[in-house]
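Enquirer: Pasting a predicted model and its sequence here:
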Protein chains: 2
Amino acid sequence: MPPKRLSSSEYAAGLLSGNRVQLSRAITLVESTLASDQALAQEVLAAVLPHTGQALRIGITGVPGVGKSTFIEALGLYVVQTLGKKLAVLAVDPSSPRGGGSILGDKTRMPQLAAHANAFIRPSPSSGSLGGVARATREALLLCEAAGHEVIFVETVGVGQSETTVHGLVDFFLLLMLAGAGDELQGLKRGIMEMADALLITKADQGNEAAARRARGEYQNALNLFPHAPSGWYPPVLLTSAVTGAGVPETWEMLQKYVAQTQANGFFQRRRQQQQLQWLHHTIAQELEARFYAKEAVRAELPMLQQAVAEGRQTPFAAAQQLLNL
Amino acid sequence: MPPKRLSSSEYAAGLLSGNRVQLSRAITLVESTLASDQALAQEVLAAVLPHTGQALRIGITGVPGVGKSTFIEALGLYVVQTLGKKLAVLAVDPSSPRGGGSILGDKTRMPQLAAHANAFIRPSPSSGSLGGVARATREALLLCEAAGHEVIFVETVGVGQSETTVHGLVDFFLLLMLAGAGDELQGLKRGIMEMADALLITKADQGNEAAARRARGEYQNALNLFPHAPSGWYPPVLLTSAVTGAGVPETWEMLQKYVAQTQANGFFQRRRQQQQLQWLHHTIAQELEARFYAKEAVRAELPMLQQAVAEGRQTPFAAAQQLLNL
């Protein structure tokens, strides 16, 4: 028997009391594509919105094999155990099938963190368009804030389009990298380094320490050549080791320093406001395009016109005009 | 008395014969916002399209003061004099008022090049939306190709949004920088270094050579840390001096090497095809958004909703839905 359908005020009350089961169900609601669920989800969000915004939102990315789960578990345990704060871990991974290969579907990836009462781990929404997954993740983040989570990690794999999306969701963007710059970077998306607020070199363990320190120096020099960020923040490069636990408190201290600096100069709030407005306009743009490309006439003509444009037989502007006039 | 209005076939014939006056007039046509001019422009483009695509399209960017005009004139003279090729120089600079501060409005910036019979220099279209300027520049580029220009420079100022646009117009993207990495980079847009196919350090003159060589080493190391480009090309860092003329033939050789390598591995054509399709979809997206935001009801509601979203009183998705349902 499916659980009884709650009203939006029941959801809201459950969330605000920190009820994990209600939080899970509310997230399922925002992930649903059913119109009735969507309407209810928007009511729930409207009700809890005044109780959101207080968490520190941290994006964490890196290619597979970089040790992301291990680091997230270590930093997460530091947050929930040492600091005694409530943590939520979300993921944006549109490509993964639900339950299957999802980067967070398997809680055994972070067994200690998953077992902790103060940690709430939620896998990526089911495969779907990046736009849909991004919206659901953003709304899930707000629900987690309403449920009293003070720190939120948003995890993604640093190889595709989703990092830009996550960058638009978070206050701080952390890029995990391996020492020995070179081949392992081939999988990393271009442009991602310039989005990072900090680099973290993983596996700076015994035997690998010299290479890690060398890599830190190289990356630090490279980052110093980048144009300055409008935050006035200089992205640092830190080392971390899952073996020794090094780098975890340092990462947290760095995050606190970033918050203090950007709250003082106003960038922190400005970034959030800009993100809100960007989501507004991106949502509108996505919906307009979705409606346009769903039209029967457009779907009929598009393949031929794309072919003509790709082969240089028609200008992109003439082809666009032709489609828009359909 | 204004010049007699030509037919599209007269324009096309004039262009294909390499007539500079017709080329200028055809570009004015694609820059026009009059519906009748636009229709005629599209006819002209359709007629000459089979005669386009053969030029090497090079984007050149850098902050003001980097020595862009000087370098463009030096490389341009090498192209027209030493190589005997026909060159067109276009600009994308939506912010500049026509004739006034346009980065190419004043041909005295490149007096020798402007006087050469094989060089065609055209200032940026008049101030307008970036989308409009970008479209006009892309179409001007095609007209220049039809008129037999074998090399095309597209110039922009590396501080705003237009670099991404220019990157979508050209085969190769060249970033000019000053030696002494640091403060002067503050004006450069973030993300631009990862778009560059090569860096060129200007003013590597007497007294400044050591600093320029050191900068080259630093930038080369930094670029090596970047994720690899899908072209298989490793962006090099070159030095150039307006005083000695050093670096000009080297830049041309590098361009030839890039063309040979990417034509052999298929990336050259693939990049152009992707650009064409991106222009198609960007044009559609821009037009859909322009139509949407021009609606009376949207214009009436938008400011209030933006305010509510920026202040966190409403979610971006709810606000977007409200606007879309108007």
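Expert: Thanks, I have the structure now.

Enquirer: Tell me who's in contact with A:Asp205.
Expert: A:Ser241, A:Ala242, A:Val243, A:Thr244 (CB atoms under 8 Å, 6 or more residues apart in numbering or on different chains). The C-beta positions use only the backbone N, C-alpha and C, and glycine is treated the same way.

Enquirer: Then A:Glu301?
Expert: Contacts of A:Glu301 by CB under 8 Å, 6+ apart are A:Gln322, A:Leu323, A:Leu326.

Enquirer: Once you drop chain neighbours, what's closest to A:Leu188?
Expert: Once flanking residues are discounted, A:Leu188 sits nearest to B:Pro227: 4.3 Å by CB to CB, 6 or more residues apart in numbering or on different chains.

Enquirer: any idea how far that neighbour is from B:Ser162?
Expert: 24 Å (CB to CB, to the nearest Å).

Enquirer: what does A:Arg216 give?
Expert: 35 Å.

Enquirer: what does A:Arg213 give?
Expert: 40 Å.

Enquirer: Pick out whichever of the two has more residues nearby.
Expert: B:Ser162 (25 against 14; other CB atoms under 10 Å in any protein chain shown).

Enquirer: Three-state assignment for A:Pro125, please.
Expert: coil (DSSP: H, G, I helix; E, B strand; the rest coil).

Enquirer: okay, now the domains of chain A?
Expert: Domain assignment of chain A by automatic domain parsing yields the ranges A:1-51, A:52-265, A:278-325.

Enquirer: now the end-to-end length of the shortest one.
Expert: With CA to CA, to the nearest Å as the measure, the ends of domain A:278-325 fall 28 Å from one another.

Enquirer: what does the second one give?
Expert: As for domain A:52-265, its first-to-last residue distance stands at 22 Å under the measure CA to CA.

Enquirer: Show me which residues of the stretch 151-300 of chain A sit near chain B.
Expert: When proximity is defined by CB under 8 Å from any CB of the partner chain, the stretch 151-300 of chain A lies next to chain B at A:181, A:185-195, A:218-219, A:221-222, A:224-229, A:272-273, A:276-277, A:279-280, A:283-285, A:287-289, A:292.

Enquirer: Which members of those are positioned in strands?
Expert: In strands, judged by DSSP state E, none of these are found.

Enquirer: Buried ones from the residues you listed, can you make that a ChimeraX selection?
Expert: To isolate the buried members of those in ChimeraX, using 16 or more other CB atoms under 10 Å in any protein chain shown:
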select /A:181,185,187,188,189,191,192,193,194,195,218,219,222,225,226,227,228,229,272,276,277,279,280,283,284,285,287,288,289,292
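
Enquirer: So which of the contacts of A:Glu301 wins on neighbours?
Expert: Neighbour max across the contacts of A:Glu301 (other CB under 10 Å) = A:Leu323, 21 neighbours.

Enquirer: Three-state assignment for that one, please.
Expert: Assignment for A:Leu323 (three-state DSSP): helix.

Enquirer: nearest residue to it other than its sequence neighbours?
Expert: Nearest one to A:Leu323, counting by CB to CB, 6+ apart, is A:Val298 at 5.7 Å.
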